[in-house]
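Asker: Structure, please.
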Amino acid sequence: MKKLLLATAALALSAGMASAETIRLGTEGAYEPWNYINDKGEVDGFERELGDELCKRTELTCEWVTNEWDSIIPNLVSGNYDAIIAGMSITAERAEVIDFTTNYTPPDPSAYLAMTPDVDVESAVISAQTSTIQASFVAEHGWTLVEFATPEETIAAVRNGEADAVLADKSYLAPFAAEEDDLVLLEREEQIGGGVGMGFRKSDTELKAKFDAAIQSMKDDGTLNALIAKWEVASTF
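Answerer: I've put the predicted structure just below:
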């Protein structure tokens, strides 16, 4: 799902593995159903449930931390938390700065949300969240791109006429099309990224290995596919 800011990478070697058994998990808290803040003010969603189960399987105590998307990788590298679990697509560019676990969802399509079904995306103005794989995709194709800090703002831009369509994960956009009469999904979809994984500092190889093993165990016993289907975030493995 998202691209990174290649800032503060030099701090990677100085940030060590989390102490003892308490691990801080960093997420955005603004990308339902992947991760969001519920009415109790708590992190909720697919990745909250997934992260809690992974922590049980690794026998680690986990605390949840929220961070704005555009600084989520730099703040991992600088030690503000110990792992990212935030709908982050695995890309080669990000892997230059952090290490990823095996993917916990397979690649899922990105979709376009617009107010009419006849938008020609190649000549239209497309909104996307800053530092995402969708923003990178639009820019690489030379189309007209407007970027916003939050996913909510990308949809607002379509409604107020700043953009003709928004490009984002289909699992995020589909509920808006289903629930709101003035918004529709376009037929065209894009396959971007290599699935979603957890991100770790390059120095935290032992910690990453523990979560790799836990993710694989959830794949092997079917619980991961059940969780994906429950939250409808992607196709199953």
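
Asker: how does the chain divide up, domain by domain?
Answerer: Listed domain ranges for the chain are 9-106+194-231, 109-191 (source: automatic domain parsing).

Asker: And those, which one averages the lowest pLDDT?
Answerer: Sorting these by mean pLDDT places domain 9-106+194-231 lowest, at a mean of 92.

Asker: Next, work out how far apart the nearest residue to T223 once chain neighbours are set aside and N75 are.
Answerer: Residue nearest to T223 in three dimensions, not counting chain neighbours: E53, with 7.1 Å by C-beta to C-beta, 6 or more residues apart in numbering. In short, each C-beta sits where N, CA and C put it, glycine included. Separation of E53 from N75 (C-beta to C-beta, to the nearest Å): 24 Å.

Asker: residues near the residue nearest to T223, how many?
Answerer: Counted with other C-beta atoms under 10 Å, residues neighbouring E53 total 17.

Asker: next one: A177
Answerer: Neighbours of A177 (other C-beta under 10 Å): 17.

Asker: looking at it, it is touching L113, isn't it?
Answerer: Yes. A177 is in contact with L113 according to C-beta atoms under 8 Å; the separation is 6.2 Å.

Asker: what helix or strand is the residue nearest to D108 when sequence neighbours are not counted on?
Answerer: Once flanking residues are discounted, D108 sits nearest to A234: 3.9 Å by C-beta to C-beta, 6+ apart. For A234, there is no helix or strand it lies in under DSSP states H and E.

Asker: In the chain, what residue spans correspond to helices?
Answerer: With helices called from DSSP state H, the chain shows them at 46-58, 72-77, 92-95, 133-140, 151-159, 170-179, 205-221, 223-231.

Asker: Surely V158 and L183 touch.
Answerer: Yes. With contact defined as C-beta under 8 Å, V158 reaches L183; the gap is 7.3 Å.

Asker: Enumerate every residue touching Y112.
Answerer: V119, V121, I126, A165, V166, L167, L173, L185, L186, R188, E189 (C-beta atoms under 8 Å, 6 or more residues apart in numbering).

Asker: Please report how far the residue sitting nearest the centre point of the chain lies from D221.
Answerer: The structure's the chain has its C-alpha centroid closest to G87; by C-alpha atoms, centre = their mean the separation is 2.0 Å. Between G87 and D221 the distance is 23 Å, computed by C-beta to C-beta.

Asker: where does the residue nearest to D108 land on pLDDT?
Answerer: 92.

Asker: And for it, the neighbour number?
Answerer: Neighbours of A234 (other C-beta under 10 Å): 24.

Asker: what's near enough to touch it?
Answerer: A234 touches T105, P106, D108, S171, V196, I228, counting by C-beta under 8 Å, 6+ apart.

Asker: cool, and T130?
Answerer: W69, D70, E147, F148, A149.

Asker: okay, now the closest residue in space to it that isn't next to it in sequence: neighbour count?
Answerer: Leaving aside its sequence neighbours, T130 sits nearest to E147 (C-beta to C-beta, 6+ apart; 4.4 Å). Neighbourhood size, E147 [other C-beta under 10 Å]: 19.
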